[in-house]
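Participant: build me a structure from this.
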Amino acid sequence: MRRQRNVKIVATLGPASDSLEMITALHTTGADVFRLNMSHGSHEEIREKHAMIRKVEEQTGSTISILADLQGPKLRVGVFAGDSEELVVGADFRLDLDTAEGDASRVCLPHPEIFEVLKEGASLLVNDGKIRLRVKSCGADFANCEVVIGGTISNRKGVNVPDVVLPLAALSDKDRADLEFVCGLGVDWLALSFVQRPEDVAEARTLANGRAAILSKIEKPSAVERFDDILEVSDGIMVARGDLGVELPVSAVPPIQKRLVRRCRAVGKPVIVATQMLESMIESPMPTRAEVSDVATAIYEGADAVMLSAESAAGSFPLEAVTTMDNVAIEVEADPTYTQIIESSRTASRSGIADAMVSAAREIAETTDVKAICCFTQSGATALLTARERPRVPIIALTPLKDTARRLALSWGVNCVMTGELDRFKKAVVGAARAAREEGFATEDDFVVVTAGVPFNVPGSTNILRVAPCDERLIFASDPE
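Facilitator: Sure, this is the predicted structure:
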């Protein structure tokens with residue numbers, strides 16, 4: 001299913017979108033990737049959603065990527081005798097390991113690992129930052145705090161600790177069980193929550209064992225500080241602005257978003273911009289002007305994908321939300337300023353033959369009337385390098401591997417086409433010309449750029465480029481052998 005845009009749309013599934021009819025409508029409307037939120041729903045419910053997505057894929061003949069978003073460790077306070085208390089600015093409030101019900105002076109924080117690393121002056125944020133506590137003194141089992149920002153604190157509200165790196169693994173026991181389950185189902189991407197350092201990615205990669213690509217969610221200040229190291233060991237990145245905006249000043253999030261997107265683009269790894277993109281559309285059929293500008297900004301920056309969370313999972317207008325994103329993307333990418341921004345922010349990288357080949361393909365496409373860049377790929381690496389160039393023409397990724405095609409469905413501008421195994425470059429050229437015509441990218445009178453690696457079926461060996469006619473008779477006439 002050819003889109004009229006390059007940026008991809010990720011839609012989260014939930015109660016508002018858990019039927020085959022709705023998933024089909026979301027995909028037809030514009031969703032390229034479906035997110036399964038492992039924080040909600042049983043394994044059986046996840047299995048049913050996964051099966052429906054694959055059925056939609058089969059019925060539409062599309063390539064659809066599935067992203068399983070692992071919950072990560074959840075830090076929460078205990079319970080209160082009256083279910084909630086009002087904290088007043090300037091008052092003292094104690095957090096400790098005592099499991100007794102809380103009151104206006106204290107509550108249990110059943111996470112000794114937090115007390116291990118707390119220090120005087122550190123901040124503790126409760127209920128998405130609506131309540132802010134400052135540590136006055138602390139020990140192995142307590143923290144005496146001052147209420148800096150007050151409000152209502154209630155049972156099991158979440159706690160953020162922005163000032164320290166917590167001695168917690170990114171995977172909880174639940175996450176390990178969920179990871180094995182979704183890898184067994186056959187998801188394409190795993191989103192890893194609570195990443196603080198590159199070592200956090202290692203366990204997930206070992207457990208996945210190549211069955212899914214690893215996408216690290218950047219939602220903590222420590223992850224921002226070590227971003228380059230985390231990016232190096234990840235297959236992709238999600239800029240998870242919700243928790244970032246809690247643990248950092250909200251004014252710091254936009255420049256961080258821009259910086260992270262550009263770093264991902266520079267190394268050719270997919271990046272998703274997520275959280276509250278069309279938040280008002282949970283309850284309204286129309287977004288705010290600010291939300292539309294927010295989506296547009298991510299697209300102008302060159303993000304691979306923009307994501308809907310509750311808008312498509314639990315909102316009243318999931319189709320309208322996808323339609324809005326689709327329309328904004330088409331409008332932005334038609335703007336000449338978009339092309340100027342994308343090309344002026346392109347980072348040159350010439351570290352090998354494959355880099356040179358995809359760069360040459362893009363330059364040829366920009367200086368001639370070539371209609372598409374067709375790249376044959378086993379691992380997806382060549383298609384990712386081509387997407388990194390952000391060419392002005394469509395990218396057609398031809399691969400014999402369904403898993404590779406599905407993972408590439410997340411990447412900017414990549415249109416995936418399944419092909420058989422190849423052993424000769426001429427067959428590749430013929431296949432590329434045929435795919436360009438059949439998918440509506442070109443006619444017999446047009447030309448395409450074809451890149452491939454010889455010998456075939458060797459990952460990372462891109463070493464040949466040809467400008468080829470889409471008329472197969474001309475291909476055979478020019479290369480009868």
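Participant: hey, let's count contacts and neighbours off CA atoms from now on
Facilitator: Fine.
Participant: can you tell me the element L124 falls in?
Facilitator: Per DSSP states H and E, L124 falls inside strand 123-126.
Participant: hmm, who's touching that strand?
Facilitator: With contact meaning C-alpha atoms under 8 Å, 6 or more residues apart in numbering, strand 123-126 is reached by 131-135, 153, 157-163, 246-247.
Participant: each with direction, which strands does that strand pair with?
Facilitator: strand 131-139 (antiparallel), strand 159-160 (antiparallel) (DSSP bridges).
Participant: out of the ones you listed, nearest to V147?
Facilitator: When those are compared by C-alpha to C-alpha, strand 131-139 sits nearest V147, at 4.8 Å.
Participant: name the helices or strands packed onto the next helix or strand after the closest one?
Facilitator: As assigned by DSSP H and E, the chain's next helix or strand after strand 131-139 is strand 142-149. With contacts taken as 3 or more C-alpha pairs under 8 Å, 6 or more residues apart in numbering; DSSP states H and E, strand 142-149 sits against strand 92-96, strand 131-139.
Participant: elements contacting whichever helix or strand comes after strand 142-149?
Facilitator: From strand 142-149 onward toward the C-terminus, using DSSP H and E, the following helix or strand is strand 151-154. In this structure, strand 151-154 packs against strand 84-87, strand 131-139, with contacts taken as 3+ C-alpha pairs under 8 Å, 6+ apart.
Participant: mind doing that once more with 7 Å?
Facilitator: Packing contacts for strand 151-154, counted by 3 or more C-alpha pairs under 7 Å, 6 or more residues apart in numbering; DSSP states H and E, involve strand 84-87.
Participant: re the thing from before, most tightly packed of the helices and strands packed on strand 142-149?
Facilitator: strand 92-96 (a mean of 22; mean count of other C-alpha atoms under 10 Å).
Participant: who does that strand pair with, and is each partner parallel or antiparallel?
Facilitator: strand 106-108 (parallel), strand 142-149 (antiparallel).
Participant: okay, those in CSV with distance to L36 next?
Facilitator: CSV is the format used below for the strands paired with strand 92-96 (distance: least, C-alpha to C-alpha, whole Å):
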stretch, distance to L36
strand 106-108, 32
strand 142-149, 34
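Participant: right, so those: which one is the most enclosed?
Facilitator: Greatest burial across the strands paired with strand 92-96, using mean count of other C-alpha under 10 Å, falls to strand 106-108, with a mean of 23.
Participant: what's the average pLDDT for it?
Facilitator: Per-residue pLDDT over strand 106-108 has a mean of 97.
Participant: domain map for this structure?
Facilitator: 8-73+170-332, 84-160, 353-478 (automatic domain parsing).
Participant: make CSV out of the strands paired with strand 123-126 and add distance to R289 and mean pLDDT.
Facilitator: Compiled in CSV, these are given as follows (distance: least, C-alpha to C-alpha, whole Å; pLDDT from 0 to 100):
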stretch, distance to R289, mean pLDDT
strand 131-139, 29, 96
strand 159-160, 30, 94
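Participant: out of those strands, flag the one nearest S17.
Facilitator: Among the strands paired with strand 123-126, if distance is taken as C-alpha to C-alpha, the winner is strand 159-160, at 29.7 Å.
Participant: how far is that closest one from where the chain is centred?
Facilitator: Distance of strand 159-160 from its chain centroid, counting by C-alpha atoms, centre = their mean, to the nearest Å, is 23 Å.
Participant: now swap in stretch 112-122 and tell me
Facilitator: 31 Å.
Participant: with stretch 240-249 instead?
Facilitator: That offset, for stretch 240-249, works out to 16 Å (C-alpha atoms, centre = their mean).
Participant: pLDDT-wise, which helix or strand of the chain ranks last?
Facilitator: Lowest by mean pLDDT, DSSP states H and E among the helices and strands of the chain is helix 472-478, with a mean of 74.
Participant: read off the pLDDT value for P459.
Facilitator: P459 is given a pLDDT of 68.
Participant: circling back: what's in contact with the least confident helix or strand of the chain?
Facilitator: V430, P469 (C-alpha atoms under 7 Å, 6 or more residues apart in numbering).
Participant: mind running it again at 10 Å?
Facilitator: K426, K427, V429, V430, G431, A433, R434, E444, A468, P469, D479, P480 (C-alpha atoms under 10 Å, 6 or more residues apart in numbering).
Participant: farthest-separated two in those?
Facilitator: E444 and P480 (18.6 Å).
Participant: secondary structure class for R211?
Facilitator: At R211 the chain is in coil, as set by DSSP: H, G, I helix; E, B strand; the rest coil.
Participant: so it touches D188, yeah?
Facilitator: Yes - counting by C-alpha atoms under 10 Å, D188 is a contact partner of R211 at 7.5 Å.
Participant: what about the two, which has more around it?
Facilitator: The neighbour comparison of R211 against D188 (other C-alpha atoms under 10 Å) goes to D188, with 26 against 19.
Participant: distance of the nearest residue to the more buried one once chain neighbours are set aside relative to L190?
Facilitator: Leaving aside its chain neighbours, D188 sits nearest to A212 (4.9 Å; criterion: C-alpha to C-alpha, 6 or more residues apart in numbering). According to C-alpha to C-alpha, to the nearest Å, A212 and L190 sit 6 Å apart.
Participant: Provide the secondary structure category for the spatially most central residue of the chain.
Facilitator: The residue lying closest to the centre of the chain (C-alpha atoms, centre = their mean) is I272, at 3.5 Å. For I272, the secondary-structure state derived from three-state DSSP is strand.
Participant: what's near enough to touch it?
Facilitator: I272 touches 7-10, 215, 217, 236-240, 261, 264, 298, 303-307, 410-411, counting by C-alpha under 10 Å, 6+ apart.
Participant: repeat that with 6 Å
Facilitator: Shown in contact with I272 (C-alpha atoms under 6 Å, 6 or more residues apart in numbering): M238, D304, A305, V306.
Participant: closest one of those to T451?
Facilitator: Closest to T451, out of all of the contacts of I272 and judged by C-alpha to C-alpha, is D304, at 21.8 Å.
Participant: number of residues surrounding the closest one?
Facilitator: Using other C-alpha under 10 Å, the number of residues around D304 comes to 29.
Participant: over to the residue lying closest to it once chain neighbours are set aside: give its phi and psi.
Facilitator: Spatial nearest neighbour of D304, chain neighbours left out: W412 (4.4 Å); criterion: C-alpha to C-alpha, 6+ apart. Backbone torsions of W412, given as degrees, to the nearest 10, read phi -50, psi 130.
Participant: what is the helix or strand that contains V448 packed up against?
Facilitator: Secondary structure assignment for V448, by DSSP H and E: strand 447-453. Judged by 3 or more C-alpha pairs under 6 Å, 6 or more residues apart in numbering; DSSP states H and E, strand 447-453 is in contact with strand 373-376, strand 462-469.
Participant: what does the last one rub up against?
Facilitator: The contact list for strand 462-469, computed with C-alpha under 6 Å, 6+ apart, reads A354, F447, V448, V449, V450, T451, A452, G453.
Participant: can you check the first one too?
Facilitator: Surrounding strand 373-376, the residues in contact under the criterion C-alpha under 6 Å, 6+ apart are I395, I396, A397, L398, T399, V448, V449, V450, T451, A452.
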